[in-house]
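**Student:** sequence unknown, structure follows:
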């Protein structure tokens, strides 16, 4: 079982991801903004994966255009080995890719349940391989 921090501002999408994780035997922690997510990352809770939308609406309104990228960078400062899976419904530019944390993966929206499940498994397998 893995503990996955899901950072998604669209409630329906967040609930879907939580459900998929639960059905796959994982535990989901969820946040809808960079501040909520950082509060969870700063605790001593186990986290096996950060799954974050690149663009979070509330954070955009606060001036952070690609809050998920910033979140992953800050998370890696606190937890250097934390695997990261990004998602977005928008095009990803080379400039954005340059801001991806090392070893991060991308799952474009829209995705279906099987696509999400297989990508999560791929990222967790890669993390185990890199950590070994």
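**Tutor:** Thanks, I have the structure now. Keep in mind the model is a prediction, meaning the values are calculated, not measured.
**Student:** can we go C-alpha only for contacts and neighbour counts from here?
**Tutor:** OK.
**Student:** What separation do you get for the residue nearest the centre of the chain and residue 30?
**Tutor:** Centroid check for the chain by CA atoms, centre = their mean gives residue 51 as the closest residue, at 1.5 Å. Taking CA to CA, to the nearest Å as the criterion, residue 51 is separated from residue 30 by 9 Å.
**Student:** which residues are in contact with both of these two?
**Tutor:** With contacts taken as CA atoms under 8 Å, 6 or more residues apart in numbering, residue 51 and residue 30 have 5, 6, 7 as neighbours in common.
**Student:** re the thing from before, and the residue nearest to the centre of the chain, what does it touch?
**Tutor:** When the contact criterion is CA under 8 Å, 6+ apart, the partners of residue 51 are 4, 5, 6, 7, 84, 85, 86, 87.
**Student:** confidence score at it?
**Tutor:** Residue 51 is assigned a pLDDT of 98 by the prediction.
**Student:** One more: residue 110?
**Tutor:** The score at residue 110 is 94. That number is its pLDDT.
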